[in-house]
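Novice: Predicted model and sequence follow; I will ask about them next.
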Protein chains: 2
Amino acid sequence: MMDKEIFVNLLQDRQFKAVRSILNVMNAVDIASLLSELEDKELALAFRLIPKEEAAEVFANMNNSMQSYLVEMFTEKELKELLDDLYMDDTVDLLEELPANLVGRILNNVSQSKRNMINVLLNYPDDSAGSIMTTEYVGLRQNMTVAESMAHIKRTGIHKETIYTCYVTERRRLIGIVTAKDLLIAEDDTLIKDLMETEIISVNTHADQEEVAQLFTKYDLLAIPVLDAENLMVGIVTVDDAMDVMVDEATEDITKMAAMSPSEKPYMETSVFSHAKNRIPWLLILMLSATITGTIINRYEEAFATIPLLVSFIPMLMDTGGNCGSQSSTLIIRGIALNEIHFKDTLMVIFKEFRISLIVSCVLATANGLRIFLMYHNGLLAIVIGCSLVFTICIAAMIGCFLPLAAKKIGLDPALMASPLITTLVDTCSIIIYFTIATYAFHLHL
Amino acid sequence: MMDKEIFVNLLQDRQFKAVRSILNVMNAVDIASLLSELEDKELALAFRLIPKEEAAEVFANMNNSMQSYLVEMFTEKELKELLDDLYMDDTVDLLEELPANLVGRILNNVSQSKRNMINVLLNYPDDSAGSIMTTEYVGLRQNMTVAESMAHIKRTGIHKETIYTCYVTERRRLIGIVTAKDLLIAEDDTLIKDLMETEIISVNTHADQEEVAQLFTKYDLLAIPVLDAENLMVGIVTVDDAMDVMVDEATEDITKMAAMSPSEKPYMETSVFSHAKNRIPWLLILMLSATITGTIINRYEEAFATIPLLVSFIPMLMDTGGNCGSQSSTLIIRGIALNEIHFKDTLMVIFKEFRISLIVSCVLATANGLRIFLMYHNGLLAIVIGCSLVFTICIAAMIGCFLPLAAKKIGLDPALMASPLITTLVDTCSIIIYFTIATYAFHLHL
């Protein structure tokens, strides 16, 4: 990795030749990250020294504020050159983030046909296949030979995001797929129609991006064709975009599972105020529902007035129940996200969780019962705590596995049914179970 | 998707021609999933009807019990044919899962050189780049022309997992990379040394697979070369394996964050006993540490003997503190996993969390204070609960962000510092804060 200080010094000393040769051997991603540490003025200077054929890729890897600054600085000619080299999906991403005045500048510098295409792409719903696809793919005809196809790729391929999967279309209808591997291995005079695969895995423009990413992992694809409502081919999603989607979706699930609204940006780039806004709503809901548990405790005021020691087991019971419930819900939520668990499995899952929680609860109840017996020499107390643990853990596991599946069934995101919500519900159950058993065992009359 | 019933009927009626033509148009992944629903006897029969060129890929997509069964059923000739077509990484995966007697049969049916290679691959540590790489890649020489290279690929490419990135080596040392796109677009007589990229992103055989997967997302790669300790090229990791790693690592993190040991297999395929074994250890630890909170509560026995209402706010305080702590820790753990947050950012992160928790706690304290004032007409109680909330939430956020960073620093997995552990710690803090404020406010003398 290039040292930032050295680079800045070279730049300030106007050693442009040295800067150019450094940039020449660097990777576009690393250049973008090096440039992100420069001041605005140096940024514009450095960007103009990047080899022309890499400039668009470096630009695509920059963050929004750098992109906005550069678009503002560019001459019309520079902007036009950049836009010519930028892939369609990156252009659309750029437009979605730029301030309105710069959007206008960009739309004025692309051709009419590209402008029409951009408008179509901007209209696809967020998180749909249409919103992440690119429209630049290699199209072939079924009567071409392999040699003709390779000549076609040589002519047009440089502007395509991928040339490794080629699409055979007839009146814009997708009829087959040929991989670059097939082309490279086949004889020159083979016809495309004899080479192409006709069993095609494709998605609709409105398909959810998570679904698209799952197809990539399931079938080990490098690209997937996107068809519109009339089954005409409109673009492709490439594997690098699918990987980004997978990372984003996992982050979104993890965030929701901790009772937060997901943020679009990384932690550091999200403002304090947005962070607070993402966290407060669920905390409020959960805090107010936790007061229900408090109200229930009030009903047993006399029990712990008589035996104050009872209060000291409340945190342990609540925490253990909550932890068991979140273990179950976490596994189920992840299983649903990976398409391994479906609603039709509900009964099987509940039965499985029941058996697991029986084993878990017996081990935990024995351990804690022993501890209590040794500490307080009170066998009855040990039994009361042990029984409360068994019931709490079993009910926690049931709630933990059922709620995410039920949420999925009624169209809610299962990730919302995670630890915090389960904990709040399990708390109430554990308190009721505990005091019911305790009042009965110690003959407390309420 | 093919209907299982129809397929089984055709198979049982010995309509082999029909079965063959069905299998002929199906994708290898879908065939494997269709076959997984068959009885063992039908499985062997159906497998033999799969087009020869797809058999190995179908086999690689099967689960272990199906693979074991088939290896047992195969004649030596069939086994040899399968092993010839199976990629090296799939062969190694197979060997790692098979019972010992079948491993012997397989090693007897591969060539000496392949056997040596398998032994090397089996010795790489789990989860290392070496354990997920394949040794079949396209190697080129720098003095070859593009036309010679393409002829070389045509001869050898069919047995390579990917031909889209070719590796230029000299005495096994990697000196350059040429993509199939470069080859297809360049003129026939261009020399490889003039075409190849010499700034190479590579990994060592012992690199952690998570690190490898992160390079794929960062640089949008399709394959990455793997070098041994002497910097000699030994294999490549392809993007499909990197995607599997990403999914597995996210699942592992999510599982650990819910205080469980991760399972190698999907939920449904993990036995009840293994599930229980994965869950019990952390539950035990957390349960026993939660009793500390209980012991602390005991010290304040007199406080809630005087004002029993105080007990009823314990669950709400504990839950809210726990939720805030797990919000912070979740974001930090994910940020660390995605390489967005580093230990050097600790102070900045703590300061950020402090400001966030101030906003969050003021909102929550106001909401709850108002509720209490309206319900109990007790201003002092409202203030006590409000102040306890503010302190609890701020401390919870500090603990939630600091622990994962500290864990990372000392080489522990940050995911272990998630909700359950944070909750247990925060509980103790919230109880102490709460009763300290309450005894002071209500002049309770302990």
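Specialist: Here it is on my side, so go on.
Novice: quick one, what contacts residue A:376?
Specialist: Each residue near residue A:376 by Cβ atoms under 8 Å, 6 or more residues apart in numbering or on different chains is listed here: A:309, A:382. Quick note: C-beta positions are derived from backbone N, CA and C, even for glycine.
Novice: From chain B, how far out is it?
Specialist: 11 Å (Cβ to the nearest Cβ, to the nearest Å).
Novice: what residues does the stretch 51-200 of chain A put near chain B?
Specialist: A:150, A:153-154, A:157-158, A:163-164, A:180-181, A:184-185, A:198-199 (Cβ under 8 Å from any Cβ of the partner chain).
Novice: ok, which pair from these is furthest apart?
Specialist: For those, the farthest-apart pair by Cβ to Cβ is A:158 and A:199; their separation is 29.9 Å.
Novice: Residue A:139 should be in a helix, yeah?
Specialist: No: according to DSSP: H, G, I helix; E, B strand; the rest coil, residue A:139 belongs to no helix; its state is strand.
Novice: wait, doesn't it sit right on residue A:170?
Specialist: No: Residue A:139 lies out of contact with residue A:170 (Cβ atoms under 8 Å); the separation is 10.3 Å.
Novice: In terms of neighbours, single out the busier of those two.
Specialist: residue A:139 (14 against 11; other Cβ atoms under 10 Å in any protein chain shown).
Novice: Identify the residues contacting that one.
Specialist: By Cβ under 8 Å, 6+ apart, residue A:139 lies in contact with A:166, A:167, A:168, A:169, A:233.
Novice: related to what we said a few turns ago, mind checking which of the residues of the stretch 51-200 of chain A next to chain B are in helices?
Specialist: Cross-referencing these against helices under DSSP state H gives A:150, A:153, A:154, A:180, A:181, A:184, A:185.
Novice: what's the neighbour count on the residue lying closest to the third one once chain neighbours are set aside?
Specialist: Right, the one you point to is residue A:154. Setting aside the residues directly before and after it, residue A:154 is nearest to residue B:185 in space (Cβ to Cβ, 6 or more residues apart in numbering or on different chains), at 5.6 Å. By other Cβ under 10 Å, 18 other residues sit near residue B:185.
Novice: go on, residue A:39?
Specialist: Neighbours around residue A:39, by other Cβ under 10 Å: 10.
Novice: give me every residue that touches the closest residue in space to residue A:182 that isn't next to it in sequence.
Specialist: Once flanking residues are discounted, residue A:182 sits nearest to residue A:195: 5.3 Å by Cβ to Cβ, 6+ apart. Neighbour list for residue A:195: A:146, A:178, A:182, A:183, A:186 [criterion: Cβ under 8 Å, 6+ apart].
Novice: Give me the pLDDT value at residue A:195.
Specialist: For residue A:195, the pLDDT comes out at 94.
Novice: what's the distance between it and residue B:161?
Specialist: From residue A:195 across to residue B:161, the span is 20 Å (Cβ to Cβ, to the nearest Å).
Novice: Next, see if stretch A:249-265 gets close to chain B.
Specialist: Yes: using Cβ under 8 Å from any Cβ, we find that stretch A:249-265 touches chain B at A:250, A:251, A:253, A:254, A:255, A:257, A:258, A:259, A:260.
Novice: and the third one, what is it in contact with?
Specialist: In other words, residue A:253. Neighbouring residues of residue A:253 by Cβ under 8 Å, 6+ apart: A:333, A:334, A:337, A:415, B:254.
Novice: mind running it again at 6 Å?
Specialist: A:337, A:415 (Cβ atoms under 6 Å, 6 or more residues apart in numbering or on different chains).
Novice: Now the residue most central in space within chain A: closest residue in space, sequence neighbours ignored.
Specialist: Using Cα atoms, centre = their mean, the residue of chain A that lies closest to the mean C-alpha position is residue A:249, 1.4 Å off. With sequence-adjacent residues excluded and distances taken as Cβ to Cβ, 6+ apart, residue A:249 is closest to residue A:210, at 5.0 Å.
Novice: now residue A:324
Specialist: Nearest residue to residue A:324, sequence neighbours excluded (Cβ to Cβ, 6+ apart): residue A:396, at 4.3 Å.
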